[in-house]
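Asker: sequence unknown, structure follows:
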């Protein structure tokens, strides 16, 4: 029985990984809501509570995945590659939690509309990158089911490319937002400017995790 469990785990590691990745996407959706409500003066503890609840679900999936990979003897993907993707997927939720905690700590009044709009544009771009990342993770299941079909491998590489393009868009928006913030150095509280700049950097960092995930997927399927 133990031998069979090591060869065929009760729960599919790939399916659990997909579940973890989808929760990362949901976390970014919650982050968008939190940012919009923050600018509208409607931000409250409910935003943080929803993110924390989601993070707990993700922690349970992560624990299951680690237990499975401690026992499993056969896998479509090398252990180091798989657990790296798990770690980076979890990092997305960690960053979202950190941003929402910061929003809960400090209220910045009278943020110019163009800055608010740029923040929303940044979160939208990050969300697009993470959606593409989730699609790349979901494609791993198709790859495994088709025995790494060349057609499906090429489809996976296109997903990886799409994430890279989205991450570049995030960088562009982030730089524009940084310029807007620094242009306000003579009219806004310096502490508030530093705070908003840090929020922007953290949000941009979410897309970096997506890029790291898809780069590792790409290297894993080339092995």
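Answerer: Great, that's in hand. Every value quoted in this text rests on a predicted model; they were computed, and no experiment measured them.

Asker: For the rest of this, base every contact and every neighbour count on C-alpha atoms.
Answerer: Will do.

Asker: Poorly predicted segments of this structure, please.
Answerer: For the chain, residues meeting the criterion pLDDT under 70 lie at 1-10, 72-76, 147-148, 150-152, 222-223.

Asker: Could you pull up the contacting residues of the residue positioned nearest the centre of it?
Answerer: By Cα atoms, centre = their mean, the chain has its centre lying nearest to residue 92, at 3.6 Å. The contact partners of residue 92, taken as Cα atoms under 8 Å, 6 or more residues apart in numbering, are 24, 27, 206, 209.

Asker: now, the most widely separated pair of those?
Answerer: 27 and 209 (13.5 Å; Cα to Cα).

Asker: on that earlier part again, ok, the residue nearest to the centre of the chain to residue 110 distance?
Answerer: 29 Å (Cα to Cα, to the nearest Å).

Asker: swap in residue 161?
Answerer: 39 Å.

Asker: Residue 79 touches residue 69, doesn't it?
Answerer: Yes: if you go by Cα atoms under 8 Å, residue 79 and residue 69 touch, sitting 7.0 Å apart.

Asker: okay, the two: which has more neighbours?
Answerer: Comparing residue 79 with residue 69 by other Cα atoms under 10 Å, the one with more neighbours is residue 69, at 19 against 15.

Asker: Which strands and helices lie in contact with the helix or strand where the more buried one lies?
Answerer: Per DSSP states H and E: residue 69 is located in helix 45-71. Here helix 45-71 touches helix 13-39, helix 79-105, going by 3 or more Cα pairs under 8 Å, 6 or more residues apart in numbering; DSSP states H and E.

Asker: Of these, flag the one that's most buried.
Answerer: helix 13-39 (a mean of 21; mean count of other Cα atoms under 10 Å).

Asker: Give me the packing partners of it, helices and strands only.
Answerer: Helices and strands touching helix 13-39, by 3+ Cα pairs under 8 Å, 6+ apart, are helix 45-71, helix 79-105, helix 113-145.

Asker: can you list those in JSON lines and add distance to residue 197?
Answerer: As requested, the helices and strands packed on helix 13-39 are exported to JSON lines (distance: least, Cα to Cα, whole Å):
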{"stretch": "helix 45-71", "distance to residue 197": "20"}
{"stretch": "helix 79-105", "distance to residue 197": "12"}
{"stretch": "helix 113-145", "distance to residue 197": "10"}
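
Asker: Select, out of those helices, the one closest to residue 32.
Answerer: Closest to residue 32 of these is helix 113-145 (Cα to Cα; 6.1 Å).

Asker: what's the distance between the residue nearest to the centre of the chain and residue 127?
Answerer: From residue 92 to residue 127 the distance is 11 Å (Cα to Cα).

Asker: likewise residue 184?
Answerer: Note on residue 184: its distance to residue 127, by Cα to Cα, is 27 Å.
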